[in-house]
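**Q** Sequence plus predicted model, see below.
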Amino acid sequence: MALKFDQISGTDEVFKNPEYISDSIIFNSIESARRESKYTMYSDHKNVIIVTAKPSNKVWIWTSSSIKEDTDKLIDICRFLCECKIPKAEIYLKQDVSSNLSDLYALASLEIDYVVKDEFSLAVFTYGGGNPDDNGGAALDSGEEIVRIDKGNPQHVELVRDFYKDCMNEFGWSEKFDRKVNEYLNMELYALVKDGKMLANAAIGSQTENYIRIKSIAVLKNERQKGYGYKMCTFAVSKIKERAFTPILYTHVGNAAAMALWAKSGFKLNNKLYLIKIEDSDK
């Protein structure tokens, strides 16, 4: 029987599925979507949750174990995504589904006129404790302070703009600098400041019922290998633990330096997510 998808709300029965509850640790975005109007969610009310963010092209897909080996039902998901007409879709999947669905896109391109463009993986880390500085974060040196950025404070705004000007080329932000700066100003953003300059920062993101995501840790290129990333990471952990949540974060599997930092800071590799980009084949 083909899967039939309906638009759902955050109170749908599918969120009570025991499999979903046990997997929700890696679906911070799905849990956040339940509380935010910018997301649209679809489901068969039992086995699948599909989240799209407008005007973004990001799609998050959760599937129950009964779907993972069922090619017909995976094709149903592909067909539904085609019906949604999401250009250049970025699709995030669990590790245990991705191998099937990645291969499936090559097959499904014949069925739904989509083609695979790219694929890479994200590691999902959860905080497991054990780092030596988990009672308030790593100690700061003389002259260093960590401040919470207030977008209503002109000096803070200038700190953020100056920091990301230095990172702009590295991050590929030359054409979207102002938009990205505004995104960070609207986050819960903490800055490590010394001599009036931001050297590193940590952004704390969305939360589920049990987890809060560390969205990013950034350090100026010329200030790396000095312990600032570690200080900001342990600081972010301490802020999240104050709220009785467990920290979680994502990083690209190939980012060896970040993987080492998370391990040093007390995080454990929990799972992997896969991102598959697809585009309309006639573009």
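**A** Received it, and whenever you're ready, just let me know what you need. Numbering: from 1, shown residues only.
**Q** From now on I want contacts and neighbour counts done on CA atoms only, so please keep to that.
**A** OK.
**Q** and the closest residue to Asp44 other than its chain neighbours, what is it in contact with?
**A** Spatial nearest neighbour of Asp44, excluding adjacent residues (Cα to Cα, 6 or more residues apart in numbering): Phe5 at 4.8 Å. Shown in contact with Phe5 (Cα atoms under 8 Å, 6 or more residues apart in numbering): 42-45, 80.
**Q** repeat that for 6 Å
**A** Phe5 is in contact with 42-44, counting by Cα atoms under 6 Å, 6 or more residues apart in numbering.
**Q** out of these, who has the most neighbours?
**A** Ser43 (23 neighbours; other Cα atoms under 10 Å).
**Q** My read is that that residue contacts Thr52, right?
**A** No. Ser43 is beyond contact range of Thr52, at 11.7 Å (criterion: Cα atoms under 6 Å).
**Q** how deep is Gln7 tucked in, by neighbour count?
**A** Here the number of neighbours of Gln7 (other Cα under 10 Å) works out to 14.
**Q** So what sits opposite it in the bridge?
**A** Gln7 has the following beta-bridge partners by DSSP bridges: Tyr42.
**Q** Looks to me like Gly137 is in a strand.
**A** No. Going by DSSP: H, G, I helix; E, B strand; the rest coil, the assignment for Gly137 is coil, not a strand.
**Q** Could you give me the buried positions within stretch 2-11?
**A** Buried residues in stretch 2-11, counted by 16 or more other Cα atoms under 10 Å: 3, 5, 8-10.
**Q** and it, average pLDDT?
**A** Stretch 2-11 shows a mean pLDDT of 93 in the predicted model.
**Q** How far away from the center of its chain is it?
**A** Relative to its parent chain, stretch 2-11 has a centroid offset of 23 Å by Cα atoms, centre = their mean, to the nearest Å.
**Q** for stretch 176-189, same thing?
**A** Chain-centre distance of stretch 176-189: 16 Å, with Cα atoms, centre = their mean.
**Q** can you list contacts of it?
**A** For stretch 176-189, contacts defined as Cα under 6 Å, 6+ apart pick out 148-149, 151, 202-204.
**Q** From those residues, list the buried ones, please.
**A** Buried members of the contacts of stretch 176-189, counted by 16+ other Cα under 10 Å: 149, 151, 202-204.
**Q** Next, give phi and psi for the residue nearest to Asp44.
**A** Dihedral pair for Phe5: phi -100, psi 130, per degrees, to the nearest 10.
**Q** Please report how far it lies from Tyr42.
**A** 6 Å (Cα to Cα, to the nearest Å).
**Q** Over to Arg213?
**A** Taken as Cα to Cα, the span from Arg213 to Tyr42 is 24 Å.
**Q** One more: Lys197?
**A** Here the criterion is Cα to Cα. By it, Lys197 lies 45 Å from Tyr42.
**Q** just Val160 next, same as before
**A** Noted for Val160: a distance of 37 Å to Tyr42, by Cα to Cα.
**Q** Could you list the low-pLDDT ranges of this protein?
**A** Applying pLDDT under 70 to the chain flags the ranges 25-26, 98-119, 130-135, 279-283.
**Q** Helices along that one, start to end?
**A** Counting by DSSP state H, one finds helices in the chain at the ranges 18-23, 28-33, 65-68, 71-84, 95-112, 154-171, 177-185, 228-242, 256-264.
**Q** what's the closest of those helices to Gly128?
**A** helix 256-264 (9.4 Å; Cα to Cα).
**Q** circling back to that earlier point, Gly136: which of the helices of the chain is closest?
**A** Here helix 228-242 is closest among these (Cα to Cα), at 5.1 Å.
**Q** doesn't Ala89 make contact with Leu275?
**A** No. Leu275 lies out of contact with Ala89 (Cα under 6 Å); the separation is 9.7 Å.
**Q** before we move on, the earlier item: possible to save the buried ones among the contacts of stretch 176-189 as TSV with distance to Leu122?
**A** What follows is these, written out as TSV (distance: Cα to Cα, whole Å):
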residue	distance to Leu122
Ile149	28
Lys151	30
Ala202	19
Ala203	18
Ile204	18
